[in-house]
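In: pasting a predicted model and its sequence here:
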Amino acid sequence: MILDDDSISLMLNAAPVCGSVWDRVGHSVDCNSSALRLFGLSTKQAWLDHHAELSPPQQPGGEVSATLWLTHLHKAFAEGRAEFNWSHRQINGRIIPTSITLTRVSHGAAQYVVAFAVEQLGAQDIEAGPNSSSRAHLMLDNAPMACTFWNLKGQLLDCNDEALSAQRQLELPSQRQLDFPINK
């Protein structure tokens, strides 16, 4: 049995990842319900009207988003596939780091690229601190062992209750007890 357009649309909408369909000139022609949820949009028309606003003007590496997107899109049309990291943003401005896979597909005589986006756990989620509702904090708070997050400067960013409990149980010697003469 070959699936019809309705069946394909049903599968795309049921996918747990953000999915969108793009033409050769860089216009999005469709998206799934996961894309609407990820970006906080209510309708596919909102996606079509605002998809250009769903990336910041520049990517973290300094490249112009619109230009870089077309480069990746053209690569996918030419080679059949492209994979890369991408910063999106919701309409409210929240940055969403994602991993993107572009795959060329044929539909009748036309070719399109289907883009799949999966949200990444970004550094800003870890840096956000104890009030963050990120997945990192959910995992951290529910871990059965002591867990800590440190930045590159050696500063403690956060820890879970198990780490606090372990610290209280340790009786570390005072600094005075650690002092001893090197040469006698």
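Out: Alright, I've got the coordinates. Residues are numbered from 1 along each chain as shown.

In: going forward, measure contacts and count neighbours with C-alpha atoms only.
Out: Noted.

In: I'd assumed residue 68 was in a helix, is it?
Out: Yes. Counting by DSSP: H, G, I helix; E, B strand; the rest coil, residue 68 is found in a helix.

In: all strands of this structure, in order?
Out: With strands called from DSSP state E, the chain shows them at 18-22, 28-31, 81-89, 95-107, 110-119, 148-150, 156-159.

In: counting contacts, what elements does the fifth one pack onto?
Out: The criterion is 3 or more CA pairs under 8 Å, 6 or more residues apart in numbering; DSSP states H and E, and the helices and strands that strand 110-119 contacts are strand 18-22, helix 65-79, strand 95-107.

In: want to throw these into TSV with mean neighbour count, distance to residue 39 and mean pLDDT?
Out: As requested, these are exported to TSV (neighbours: other CA atoms under 10 Å; distance: least, CA to CA, whole Å; pLDDT from 0 to 100):
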stretch	mean neighbour count	distance to residue 39	mean pLDDT
strand 18-22	21	9	90
helix 65-79	17	17	96
strand 95-107	18	9	90
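
In: so which of these gets nearest residue 54?
Out: Among the helices and strands packed on strand 110-119, strand 95-107 comes nearest to residue 54, with 9.1 Å by CA to CA.

In: so which elements touch the closest one?
Out: helix 65-79, strand 81-89, strand 110-119.

In: quick one, domains of this structure?
Out: 5-119, 123-170 (automatic domain parsing).

In: among those domains, show the one with the smallest mean pLDDT.
Out: Among the domains of the chain, domain 123-170 carries the lowest mean pLDDT, a mean of 59.

In: what about residue 152, how many residues nearby?
Out: Using other CA atoms under 10 Å, the number of residues around residue 152 comes to 6.

In: contact partners for residue 73?
Out: 24, 26, 82, 102, 113 (CA atoms under 8 Å, 6 or more residues apart in numbering).

In: residue 70 too?
Out: By CA under 8 Å, 6+ apart, the neighbours of residue 70 are residue 26.

In: so how far is residue 15 from it?
Out: For residue 70, the distance to residue 15 equals 25 Å [CA to CA, to the nearest Å].
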